[in-house]
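Below is the sequence, then the predicted model.
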Amino acid sequence: MTDPDTRPLYERDPAAYRAHLAEGNANQARKRVGVDALVRDRDGRILLVDPTYKPDWDLPGGMAEANEPPLDALRRELTEELCLDLPGGMALVCVDWVAPHGPWDDSVMMIFNAGTLTPDQTTALRVRDAELAAFEFCPPEEARKRLRPFVWARLAAAISAADAGTVAYLHNGHSVS
């Protein structure tokens, strides 16, 4: 009598193991990933954009495409929409898990600190995409008035985290720590 092969499936049958992983991947939840930038000018004002497809102002950024790294998605969005090329590092300053709402499933929204633009970078900004009607640098008080409350809560947490050199972790705009 021979002993049954007790090796793990990944050793016994690599093809069956890969099929098992593929089945698990197909059944796991998918998350939308949104990426925004905290961009300031030399006066400490915050860059906001006026999207044509929703009623309120927003932060520059957008949604990551399938299998696109978040930071790459943000760089792509900034270049496509505002002609803003920021090849250097941008630190993650906020992660906000957003519960399902309306027609949307849950999502993970991130804000990266893009730093302070030079006067030349500020002058070079252009609306380049039909998704935006305008952009403007606003003091925080004005940003709070223009942004939806949950976006302002996320931005306020991101500003605090950026200034402290930390990362804020939120659920629906509220700190969980």
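Great, that's in hand. Residues are numbered from 1 along each chain as shown.

When you work out contacts or count neighbours from here on, use the C-alpha atoms and nothing else.
OK.

Now do the contacts for the most centrally placed residue in the chain.
Taking C-alpha atoms, centre = their mean, the centroid of the chain lies closest to Val35, which sits 1.6 Å from it. Residues in contact with Val35 (C-alpha atoms under 8 Å, 6 or more residues apart in numbering) are Gly61, Gly62, Met63, Ala64, Pro70, Leu71, Ala73, Leu74, Met109, Met110, Ile111, Phe112.

Repeat that for Asp96.
Val108, Met109, Met110, Arg154, Tyr169, Leu170, His171, Asn172, Gly173.

The third one bridge partners, please.
Right, Met110. For Met110, the residues forming beta bridges with it (DSSP bridges) are Val35, Val95.

Test my guess that it contacts Ala91.
No: with contact defined as C-alpha atoms under 8 Å, Met110 does not count as touching Ala91 (10.6 Å).

What about Pro69, how many residues nearby?
Neighbour count for Pro69, taken as other C-alpha atoms under 10 Å: 11.

For it, give me the pLDDT.
We have a pLDDT of 96 for Pro69.

what do you get for Arg128?
With respect to pLDDT, Arg128 has a value of 93.

Which residues does the helix or strand of the chain with the lowest mean pLDDT contact?
When each helix and strand of the chain is scored by mean pLDDT, DSSP states H and E, helix 14-27 comes last, with a mean of 80. Applying C-alpha under 8 Å, 6+ apart, the external contacts of helix 14-27 come out as Leu9, Tyr10.
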